[in-house]
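Student: Show me the folded form of this:
(chains A and B)
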There are 2 protein chains.
Amino acid sequence: MKFTLLKTDAQSKARAGTIETDHGTIQTPIFMPVGTQGTVKAVDQYFLKEDIKAQIILGNTYHLYLRPGTSVLQQAGGLHKFINWDRPILTDSGGYQVYSLSANRKLKEEGVEFRSHIDGSKLMFTPENVMDTQRMIGADIIMAFDECTPWPCEKGYAEKSMHLTHRWLSRCVTHFNNTTGLYGYNQTLFPIVQGSTFHDLRKQSAEYIASMDCEGNAIGGLSVGEPAEDMYEMTDLVCSILPSSKPRYLMGVGTPSNILECIALGIDMFDCVMPTRNARNGMLFTKNGTINIRNKKWDNDFSAIDDELTPHYSKAYLRHLLVAKEYLAAQISSIHNLKFYMWLVTTAREKILEGTFVEWKNGMVKNLSQRL
Amino acid sequence: MKFTLLKTDAQSKARAGTIETDHGTIQTPIFMPVGTQGTVKAVDQYFLKEDIKAQIILGNTYHLYLRPGTSVLQQAGGLHKFINWDRPILTDSGGYQVYSLSANRKLKEEGVEFRSHIDGSKLMFTPENVMDTQRMIGADIIMAFDECTPWPCEKGYAEKSMHLTHRWLSRCVTHFNNTTGLYGYNQTLFPIVQGSTFHDLRKQSAEYIASMDCEGNAIGGLSVGEPAEDMYEMTDLVCSILPSSKPRYLMGVGTPSNILECIALGIDMFDCVMPTRNARNGMLFTKNGTINIRNKKWDNDFSAIDDELTPHYSKAYLRHLLVAKEYLAAQISSIHNLKFYMWLVTTAREKILEGTFVEWKNGMVKNLSQRL
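Tutor: Below you'll find the predicted structure:
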């Protein structure tokens, strides 16, 4: 993997760059659509590539480990081949899902014992077996196994958890270095900064993560319920410590405004279920604000969902599909929202390169807060 | 509308022709995907046009009348514009759905009183208002309002019902002729032969329908539970009476084998929910037989769903998507099955034009009965 920093904004810490992987080049800042179980929900790979123009997608190790399982994925020749996606993929480590989805979890030094949310079977994730699983999935970028602390969180717990995440990271790095990719292309490991919303812990964690000298770095444990101001403060602090020569990935963030603000703080990569999850509930993002397509007011509004991004379907039609509980509602809305997120990061990049990012960002954040 | 009969098979009654409408030409024999509520379930119009290459789709008057309603459809400029579909559309009359979906229906000379299956509201369909509704929907081909008799059915009931359908037809024709299309293009009305599985009634009904001299004719009341042999016998009898210079539409039929057998009897047009409904349940049609993709055996079968029609996704991947209850399962399966149905009628047409239809049909019917 090769990261090239093309430009840093003069009026903010926003950056434009490229990440080269064996499955192609990613233009940063970038948003990565979430393909939880080997599919970006309700979106065909054709649209993902040709219409949304996704440059990299995310897969969830926890979900893929449970279904279809590593044996099927390995026989398929990895996730890319299994799902017919030839561009880059990033997998998370499963840590977040173990905490949010599974039952009866027991945190130990060795790893986490838990029960599958599907069939209740008893399983264990360790730094080592999570590296093995991500080797078998075969993503271009794989994540270290961490504990994602909830918010709010006692400082004592956050500190203990951070140290565990750091010890697990050493084991991840060792095991990663002792193994190789299974499918003839390179994989790279990103470590994750934790420390909840405590300045000293975030500083300590960022310094430790930076010292590992991995090819890219991630920030976890944010966008878990804390106020946006705390998220920005922690992101700013961590970005000031993580090396500028490596891409920075802010995990699980966020709203379009969150993304713009965090680009301004020096983040290069984002992922979030929001564009697809909200789409399925009828919430659409546009550059003029959000639309709740369930509202009666769209009943006979035959204007395009979005003149530029989704000109071929009207608001009235989409509302009808949603009210009638038709599959196509989720399909159209998900594609639209992902196109909007891609438009947002692509335009941010153009503005950074032009030197007009901050002005554009401030106007856009204002627009985005409106409800249409 | 203009029907041109290009060839009648020497060894069967199969025909190849074209139907010209103001929204384009249809090559017959044709299968019409069912777009119940203004969408072919789980299929984006892009795929419907570019990948499936549907030439005409069907809409359901009953569903569209309830949602989004005629006011919205009229404001949109008709169903074509509302759903962004510029090729031909056919609408049924709503008669079938009134019997199968609604509650508390009361059959009267005037029409049918019923309660909406959505909100229980009391409604009435009459030959006249069904013509008005179909004018407002704006399909290229619209259907007469009929009673679709259930099977089995007492002969006395079938006869009474047939006469009612005939009286309703006269009212439909009168009202249709007294009104015009609302959107600047032509609509044409097809009457429907009824008579259950009684030879004399079918004969009487076919003769009456033929005497109306409409631009095309339909056969209803079949594929409602009767043995396939009865369906074929009735279809054969009715086709021998309906004029060969008009297209013949067999409503709601059927399996791929049903379609091939009925093409051989002189049918030109088909519609059925089977390809999309069965797709959502994991049943796929291929030229070598049917696949139940839920079966464990496909778990690690990485061969294409179909080398020709769906080469880009594997059986193992589709099984994973279905088991994981992902939207994309319905999307891929529905597109595949509709491509198969289109392949079936397109190939039948080629074989008719080549003069090799019967031999090909007999081999294909044998293949289609296999379970893979």
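Student: Nearest residue to the closest residue to chain B within the stretch 151-300 of chain A in space, please, no chain neighbours.
Tutor: In the stretch 151-300 of chain A, the residue that lies nearest chain B is A:N300 (5.2 Å; C-beta to the nearest C-beta). Every residue, glycine included, has its C-beta placed from N, CA and C. Excluding the flanking residues, the one nearest A:N300 by C-beta to C-beta, 6 or more residues apart in numbering or on different chains is B:Q75, at 5.2 Å.
Student: Quick one, grab the pLDDT at the one you found.
Tutor: You'll see B:Q75 listed with a pLDDT of 98.
Student: Run a quick neighbour tally on it.
Tutor: 17 (other C-beta atoms under 10 Å in any protein chain shown).
Student: And it, its phi and psi?
Tutor: Dihedral pair for B:Q75: phi -60, psi -30, per degrees, to the nearest 10.
Student: Just confirm it contacts A:S314, I think it does.
Tutor: No: counting by C-beta atoms under 8 Å, B:Q75 does not reach A:S314; the two are 10.6 Å apart.
Student: and for the two, which residues touch both?
Tutor: Taking C-beta atoms under 8 Å, 6 or more residues apart in numbering or on different chains as the criterion, B:Q75 and A:S314 both touch A:F302.
Student: quick one: the helices in the stretch 251-372 of chain A?
Tutor: With DSSP state H, counting those that start in this stretch, the ranges of helices along the stretch 251-372 of chain A come out as A:256-264, A:274-280, A:315-323, A:327-354, A:357-368.
Student: Please compute how far the last one lies from its chain's middle.
Tutor: Computed by C-alpha atoms, centre = their mean, to the nearest Å, the chain-centroid distance of helix A:357-368 equals 22 Å.
Student: List the buried residues of it.
Tutor: Residues A:F357, A:V358, A:W360, A:K361, A:M364, A:V365, A:L368 are the ones in helix A:357-368 that count as buried (16 or more other C-beta atoms under 10 Å in any protein chain shown).
Student: Likewise for stretch A:311-331?
Tutor: Under 16+ other C-beta under 10 Å, the buried positions of stretch A:311-331 are A:313-324, A:326-331.
Student: next one: stretch A:81-98
Tutor: A:81-83, A:85, A:87-98.
Student: ok so A:G17 is a helix residue?
Tutor: No: counting by DSSP: H, G, I helix; E, B strand; the rest coil, A:G17 is not found in a helix; it is strand.
Student: right, and it touches A:F3 too?
Tutor: Yes: shown here, A:G17 and A:F3 form a contact pair, counting by C-beta under 8 Å, at 6.0 Å.
Student: Near chain B, which residues of chain A are found?
Tutor: A:37-39, A:41-45, A:47, A:63, A:67-68, A:71-72, A:75-77, A:81-84, A:299-300, A:302, A:312-314, A:316-317, A:320-321, A:323-324, A:326-328, A:330-332 (C-beta under 8 Å from any C-beta of the partner chain).
Student: Take those and keep only those in strands.
Tutor: A:H312, A:Y313, A:S314 (DSSP state E).
Student: The first one reaches B:N84, doesn't it?
Tutor: Yes: contact between A:H312 and B:N84 holds when scored by C-beta under 8 Å: they sit 5.2 Å apart.
Student: what's the overlap in contacts for the two?
Tutor: B:Q45.
Student: how about the residue of chain A most remote from its centre, what does it touch?
Tutor: Taking C-alpha atoms, centre = their mean, the residue of chain A most remote from its mean C-alpha position is A:N300, at 35.9 Å. Applying C-beta under 8 Å, 6+ apart, we find A:N300 in contact with A:A316, B:S71, B:V72, B:Q75, B:A76.
Student: Can you check the pLDDT for the second one?
Tutor: The predicted local confidence for B:S71 comes out at a pLDDT of 98.
Student: Give me the distance between A:S121 and chain B.
Tutor: According to C-beta to the nearest C-beta, to the nearest Å, A:S121 and chain B sit 15 Å apart.
Student: farthest pair in the contacts of A:N300?
Tutor: For these, the farthest-apart pair by C-beta to C-beta is A:A316 and B:S71; their separation is 11.0 Å.
Student: For chain B, what is the nearest residue in the stretch 101-250 of chain A?
Tutor: Closest residue of the stretch 101-250 of chain A to chain B, C-beta to the nearest C-beta: A:I118 (9.2 Å).
Student: In terms of helices and strands, where is that residue?
Tutor: For A:I118, there is no host helix or strand (DSSP states H and E).
Student: what's the closest residue to it other than its chain neighbours in contact with, if anything?
Tutor: Nearest residue to A:I118, sequence neighbours excluded (C-beta to C-beta, 6+ apart): A:L66, at 5.6 Å. Counting by C-beta under 8 Å, 6+ apart, A:L66 makes contact with A:S116, A:H117, A:I118.
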